[in-house]
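J.: Can you look at this prediction? I've put the sequence above it.
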Amino acid sequence: MKTPIYLDNQATTPVDPRVMDEMLPYFTEMYGNAASRNHPFGWQAEEAVEKARGEIAALIGATPKELVFTSGSTEAINLAMKGAVQMYGDSEGKISGKHIITSLVEHKAVLDTCKHLESEGCEVTYLEPDETGRVSVEQVEAAMRDDTLMVALIWGNNEIGTLNPIRELGALCHERNVLFFVDGTQCAGKIPVDVQADNIDLMCISAHKLYGPKGIGVLYVRRRAPRVRLVAQIDGGGHERGMRSGTLNVPLIVGFGAACRVAMEDLQRDLDHSIELRDRLEEKIREKCDMVHLNGNREHRLPGCLNLSFSYVEGESLLMGINEEMAVSSGSACTSASLEPSHVLRAMGVGDELAHSSIRFGVGRFTTEEEVDHAAERVTQTVTRLRELSPLYEMALEGIDLSTVEWTGH
Amino acid sequence: MAYSDKVIDHYENPRNVGSLDKKSGEVGTGLVGAPECGDVMKLQIQVEGDRIVDAKFKTFGCGSAIASSSLATEWVKGKTIDEALSITNSEIVEELSLPPVKIHCSVLAEDAIKAAVADYKTKQGGDK
């Protein structure tokens, strides 16, 4: 077993060797421009792109023509949201308006795009999720107005793994002629995704979250019932049916396609594997540590995501104790002078103290049982050691209610 | 973020971890910081005459906070109360090579020493 163990599969995933093998020839031998229509180099590239487009479409239940290649989810989010507002904001049709409904636990790419749109005259409603990070259909329905253009929600939350009820939310949106944009970055290739059955109009996904290369993503844009049109955000040669100009990155697209095909073939195996190891990790940690809190929704959760808070232990010190052995992510941004805990945990009502001690463990396709056991061992050792050092743990054991103590905050 | 060797050493082998009897008249306890800010330090001193003969700490906080308080206990031990009060946070910053974002950890350690001394003085005043 090699250390550090990689347990940050929500941040990114390694390129699967099967994917890598398919990409390589497109760097060196088949380097044509997919837009070159008059020679075999171009035809070869175009054929490879269209094959990949079909593989990606198949994974999410779309048709190939409904996909627009982008540099990743962030760009797809910008295109979907800004492009829709510019297309429909002042429209007289059924789909119109400048009101957007989103939630407080979205990825920064959505929240910052919303801020930008607010500065350009849009109104945005930021829904507060329940304590597990979930948004309900009733909440969204209550927030809808006559001028609501779009509901923009994350499917699987990147920090806590909570899954929103996408199919039901989509049905509501379609009933009300409201565009439904889904950030599916963490979900495609991890859980079954079907844009038809799930009533999705726009959805972003990113190759590097599903064992494909970084720097390539896609925006799904529904073509029927309703046909969604967007104003392009990048002008140029009119690639991707005018929605995203720029020479297609053929090797990355080939890799993206291969990654989707492999993910589709292995979906059930990957899903079972991730759930088994995720739950094993939690169980092994709880065997030796008490006062461990699960952040997120136990039932509706991404298969590989385990976000835990360890009471009376500060997150950065915990990371310092385990960093050499494993790569994980912390909910606390303690490296900044402002000590700001995660906006997701805060929106869920997790107290700052627990938010500071949260760690996200992300298991994936290549994680092994041995790695999980080793990680659990190291985490529990470190938590135990830091609790012996913690005045808060000592006070809690003495029966002191920490919320009644007068702290000298700084 | 890279930690200095001295911070890592204090984190891995913290000095003087533990607790003294907070009810004792010879013990001063300083508890500073707040859980929601991510740092709480408890620093205790045991005083004989005007000399600090023992010091213990417990800290909830990042590696730099643990190191700052661990170092503070090492430094106050054997010093007179007045000498301990003259320890400044900038000396801690220098000794541990703390980066700017971690200066608050050293400030908290200085506050913890002052709070422990103040508690001890209050107890002594109360006895008289």
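T.: It's in.

J.: Looks like residue A:280 contacts residue A:369 (just checking).
T.: Yes - counting by CB atoms under 8 Å, residue A:280 sits close enough to residue A:369 to count as a contact (6.9 Å). (Glycine included, C-beta is placed from N, CA and C.)

J.: neighbour-wise, which of these two wins?
T.: More crowded of residue A:280 and residue A:369, by other CB atoms under 10 Å in any protein chain shown: residue A:280, with 16 against 12.

J.: Doesn't the more buried one belong to a strand?
T.: No - assignment of residue A:280 by DSSP: H, G, I helix; E, B strand; the rest coil gives helix, placing it outside any strand.

J.: In what element of secondary structure is the residue nearest to it when sequence neighbours are not counted found?
T.: In space, and not counting its chain neighbours, residue A:280 is closest to residue A:372: 5.4 Å by CB to CB, 6 or more residues apart in numbering or on different chains. For residue A:372, the host element (DSSP states H and E) is helix A:369-388.

J.: Look up the residues forming beta bridges with residue A:150.
T.: residue A:100, residue A:179 (DSSP bridges).

J.: can you tell me how far it sits from chain B?
T.: Remark: distance between residue A:150 and chain B (CB to the nearest CB, to the nearest Å) = 35 Å.

J.: The next helix or strand after the helix holding residue A:372 and chain B in contact?
T.: Using DSSP H and E, the next helix or strand after helix A:369-388 towards the C-terminus is helix A:391-397. Yes - using CB under 8 Å from any CB of the partner chain, helix A:391-397 comes into contact with chain B via A:391, A:392, A:393, A:394.

J.: now the closest residue in space to residue A:147 that isn't next to it in sequence, what's its secondary structure?
T.: Leaving aside its chain neighbours, residue A:147 sits nearest to residue A:97 (3.4 Å; criterion: CB to CB, 6+ apart). Taking three-state DSSP as the rule, one finds residue A:97 in the coil state.

J.: contacting residues around residue A:97?
T.: A:88, A:89, A:145, A:146, A:147, A:148, A:149 (CB atoms under 8 Å, 6 or more residues apart in numbering or on different chains).

J.: Would you mind naming the helix or strand containing the fourth one?
T.: Under the criterion DSSP H and E, no helix or strand holds residue A:146.

J.: and it, how many neighbours?
T.: Neighbour count for residue A:146, taken as other CB under 10 Å: 8.

J.: Who are the contact partners of it?
T.: residue A:97.

J.: Give me the distance between it and chain B.
T.: Taking CB to the nearest CB, one finds residue A:146 at 41 Å from chain B.

J.: Next: the second one.
T.: Summarising the geometry, the distance separating residue A:89 from chain B, computed by CB to the nearest CB, is 41 Å.

J.: now swap in the first one and tell me
T.: As judged by CB to the nearest CB, residue A:88 and chain B stand 43 Å apart.

J.: Just checking, which helix or strand of chain A averages the lowest pLDDT?
T.: Lowest on mean pLDDT, DSSP states H and E among the helices and strands of chain A sits strand A:332-333, with a mean of 52.

J.: that older thread, shouldn't the residue nearest to residue A:280 be in contact with residue A:281?
T.: Yes - using CB under 8 Å, residue A:372 is in contact with residue A:281, at 4.7 Å.

J.: Can you pull the residues that touch both of the two?
T.: Shared contacts of residue A:372 and residue A:281, defined by CB under 8 Å, 6+ apart, are found at residue A:363.

J.: Can you give me the buried ones in stretch B:2-17?
T.: B:3, B:4, B:7, B:10, B:11, B:14, B:15, B:16, B:17 (16 or more other CB atoms under 10 Å in any protein chain shown).

J.: any idea which of those is closest to residue A:380?
T.: Residue A:380 lies nearest to residue B:11 out of the buried residues of stretch B:2-17, by CB to CB, at 17.9 Å.

J.: Apart from its neighbours in sequence, what residue is nearest the closest one?
T.: Spatial nearest neighbour of residue B:11, excluding adjacent residues (CB to CB, 6+ apart): residue B:63 at 4.4 Å.

J.: go on, residue A:103?
T.: Leaving aside its chain neighbours, residue A:103 sits nearest to residue A:127 (4.4 Å; criterion: CB to CB, 6+ apart).

J.: And for residue B:43?
T.: The nearest residue in space to residue B:43 (CB to CB, 6+ apart) is residue B:112, at 3.9 Å.

J.: burial of the residue nearest to residue B:11, as a residue count?
T.: 26.

J.: same deal with residue A:398?
T.: Other residues near residue A:398 number 7, with proximity taken as other CB under 10 Å.

J.: Show me which positions of the helix or strand of chain B with the lowest mean pLDDT end up buried.
T.: The weakest-scoring helix or strand in chain B, judged by mean pLDDT, DSSP H and E, is helix B:103-127 (a mean of 92). Under the neighbour-count criterion of 16+ other CB under 10 Å, helix B:103-127 has B:103-117, B:119-120, B:123 buried.
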